[in-house]
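Peer 1: below: sequence and its predicted model.
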Amino acid sequence: MVLGCESLGQVTPAPGSPTRIQLERLLASVRSVPARSRPGGYERGCGSGQGCVFGPAWTDDHDGPGGHDGCDSRNTVLARQLARVSFRPGNGCVVVSGSLNDPYTGQRIAFDRADAKAVQIDHVYPLAAAWDLGASGWPLPLRVRFANDVDYNLLAVDGKANEDKGDRTPGDWLPPARANHCFYAGKYLMAANRYGLPVTTADRDALGRVARACP
């Protein structure tokens with residue numbers, strides 16, 4: 001069940017959120033499918049005997065935004081989103097502390113590398129959903145780029161919210177902070193557009209309701 005979706009009135013969106021018209025244009029440009037298919041074969045792990053279908057987690061070895069810059073994608077996202085960032089001494093990549101204005105809960109969260117699970121990196125368009133909805137047919141380099149795209153598909157977020165989301169899509173999950181629904185919908189649709197991924201009928205309905213509540 002979509003959190004808060006049925007009772008959406010107009011909201012005051014988070015800074016940087018798209019407008020209703022912008023969201024409606026994005027929504028009109030993605031194709032729809034009736035439901036999420038289940039082709040099988042999704043295996044994220046890269047250990048011995050595992051499929052590693054999106055490449056090693058947070059690899060810098062890809063040709064997308066932030067690729068081949070010497071910093072892994074997780075630390076790149078943290079460095080971009082956190083305020084008051086501190087890096088490991090002598091290392092300009094590894095983020096050890098900072099403060100996150102969480103785009104899912106709307107709360108301010110302290111990040112400390114010793115408790116890294118408090119702030120996690122979310123794939124806005126989930127990898128498992130992408131696999132089911134078309135990425136299973138992509139070449140591996142494109143899947144690796146998608147999984148590490150710091151511009152279109154990665155966000156630093158509250159760890160508990162990320163774990164609650166799992167691989168659910170907008171038809172089943174929206175951020176706890178209603179004021180951030182417009183922002184999330186925009187990020188989801190931009191990732192879908194960028195990579196030619198569809199939305200399900202349930203996703204389209206949920207995103208349409210979000211758009212109508214945006215200024």
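Peer 2: Nice, thanks for sending it over.

Peer 1: with adjacent residues omitted, what lies nearest to the residue positioned nearest the centre of the chain?
Peer 2: Residue closest to the average C-alpha location in the chain (C-alpha atoms, centre = their mean): V124, at 1.6 Å. Leaving aside its sequence neighbours, V124 sits nearest to K187 (C-beta to C-beta, 6 or more residues apart in numbering; 4.7 Å). For the C-beta atoms, the positions are set from N, CA and C on the backbone; glycine is no exception.

Peer 1: doesn't the one you found fall inside a helix?
Peer 2: Yes. Assessed with DSSP: H, G, I helix; E, B strand; the rest coil, K187 lies in a helix.

Peer 1: that one reaches H123, doesn't it?
Peer 2: No. Judged on C-beta atoms under 8 Å, K187 makes no contact with H123 at a distance of 10.6 Å.

Peer 1: identify the contacts common to those two.
Peer 2: Here K187 and H123 have N153 as joint contacts, going by C-beta atoms under 8 Å, 6 or more residues apart in numbering.

Peer 1: roughly how far is the longest strand belonging to the chain from the heart of the chain?
Peer 2: When the chain is parsed with DSSP state E, its longest strand is strand 95-101. Its chain's average C-alpha position is 18 Å from that of strand 95-101, according to C-alpha atoms, centre = their mean, to the nearest Å.

Peer 1: in it, what's buried?
Peer 2: For strand 95-101, burial by neighbour count (16 or more other C-beta atoms under 10 Å) applies to 95-98, 100.

Peer 1: from the rest of the structure, what touches it?
Peer 2: By C-beta under 8 Å, 6+ apart, the residues outside strand 95-101 that reach it are 75, 78-79, 81-88, 108-113, 119, 156-158.

Peer 1: what strand or helix carries H181?
Peer 2: helix 181-195 (DSSP states H and E).

Peer 1: now do C71 against D112, distance only.
Peer 2: According to C-beta to C-beta, to the nearest Å, C71 stands 19 Å off from D112.

Peer 1: just to revisit the earlier point, next, the buried residues of the helix holding H181.
Peer 2: By 16+ other C-beta under 10 Å, the buried positions in helix 181-195 come out as 181-192, 195.
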